[in-house]
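In: predicted model follows, preceded by the sequence.
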Amino acid sequence: MKKNILVTGASSGFGLLIANELQKKGYNVIGTSRNPEKYAGKLSFKMIALDLDSEQSINTFSERIFKEIGHLDILINNAGFLVSGIAEETPIELGRQQLETNFWGTIKVTNAVLPHFRKQKFGKIITVGSIIGLVSFPNAAYYAASKHALEGYFKSLRYELNEFNISVAMIEPAAFKTSILDNSSTSLKKIEDYNTLRNNIEKFSANLAEQAEDPIMVAEKVLKVVQTEKPKFRNIVGKGTSALINLQHFAYGILEKNVLKQLNKV
C-alpha cells in the first residue's frame, strides 16, 4: 500500500519541489495551500486548504484529511514565510505574526495529527527548518527566532514520541535559489544608525543569492529522510555548514544518546 504523505505549503518553493519529488517516487502526496483552487489541474498531487493562522482552517483540515485518506504515514511541515529587516526596525506585530505562523501554526498542525499517529503506533514528522535555526544572521531576527523555536520544540517532542514509534526529524537548509526573499515581509521604517550595516547586508545577501544552490537538493534530502526507518534528528543540507554547525550536530548526537539512555533506565 502506498504511503500517504502530507506536505504543508506545497504550492511553491521547497514544498512544491518536495511534493513533486515524493509523488514521482510513488508516494501518495497531499499538499496544502491557503488557496488550493488556484492549482486545480496544474499539479500531479491532491491539494487541500490549510491556513496556519486560522484555528478553524486547521480543525477543518484535520477532519477532512482523515476522512478522505483514512490514515497518514508522514507529516512534512514546510509552510511558513520570512520577515526580514533589522530587529529594532521591525514592528512587534510583524514579529509576532512571524512566530504565530512559522512556530505556532506548525505546532497546531502537528498537534492535529499526533492523536492519529499515537493511535496507529507509527508515523514520521519531518519539519523544514533552516540553518538560521542553528546559527543566526543579521536582518532576520524574528525568522531566526521562529526557526530556533521549532528546533527546540521538536527536540523535546522527539523524546516524548519515541515510545509510540513516531520519528521526529528536522531538515536544515542553507542558502538555496527560492522565492522566499521575494515573498518576504519587511518594515518600511528605517533607522539611520543602521545604514552601514544595512548596506553590508544587502551586498552579502546579493552574493549569497548568486552562489545559492539548486533547491532540488532539499527535496532529495527530505526523500532520504522519508526512506530512512529511524532518521537522525538534524539533517543539514547545502553550503554554509561550517565547522561550528557540524560541531553542534556532533555534540547534539552524543547528548541525545545519553538522554535516551537515561530515559530507558526510568
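Out: Here it is on my side, so go on.

In: so Pro138 is in contact with Ile201, correct?
Out: Yes. The criterion here is CB atoms under 8 Å, and Pro138 meets it with Ile201 at 5.8 Å. The way it works is simple: take the backbone N, C-alpha and C, and place the C-beta from them, glycine included.

In: do a quick rundown of the helices in the stretch 151-266 of the chain.
Out: 195-211, 216-227, 243-265 (DSSP state H, counting those that start in this stretch).

In: other residues contacting the second one?
Out: For helix 216-227, the surrounding residues in contact (CB atoms under 8 Å, 6 or more residues apart in numbering) are 3, 5, 14, 17-18, 20-22, 25, 27, 74, 76, 124, 126, 128, 169, 171, 173, 176, 231, 235, 237-238.

In: strands - which of these land there?
Out: Of those, the ones assigned to strands by DSSP state E are Ile5, Ile74, Ile76, Lys124, Ile126, Val128, Ala169, Ile171, Pro173, Asn235, Val237.

In: the residue nearest to Ile166 when sequence neighbours are not counted: how many residues sit nearby?
Out: Closest residue to Ile166 apart from its sequence neighbours, by CB to CB, 6 or more residues apart in numbering: Gly123 at 4.5 Å. Neighbours of Gly123 under the rule other CB atoms under 10 Å: 22.

In: got a list of what Gly123 touches?
Out: Per CB under 8 Å, 6+ apart, neighbours of Gly123: Leu72, Asp73, Ile74, Leu75, Val113, His116, Phe117, Phe164, Asn165, Ile166, Ser167.

In: can you select the buried ones among those residues for me in ChimeraX?
Out: Here is the ChimeraX selection string for the buried members of the contacts of Gly123, based on 16 or more other CB atoms under 10 Å:
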select :72,73,74,75,113,116,117,166,167
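
In: rank the helices of the stretch 151-266 of the chain by pLDDT, which is bottom?
Out: With a mean of 60, helix 243-265 has the lowest mean pLDDT of these.

In: next, work out how far apart Ile69 and Ala145 are.
Out: Plainly put, Ile69 is 34 Å away from Ala145 if you go by CB to CB, to the nearest Å.

In: and the end-to-end length of stretch 75-91?
Out: Stretch 75-91 stretches 32 Å from its first residue to its last (CA to CA, to the nearest Å).

In: starting at the chain centroid, how far to it?
Out: 12 Å (CA atoms, centre = their mean, to the nearest Å).

In: was I right about Gln120 contacting His71?
Out: Yes. If you go by CB under 8 Å, Gln120 and His71 touch, sitting 6.1 Å apart.
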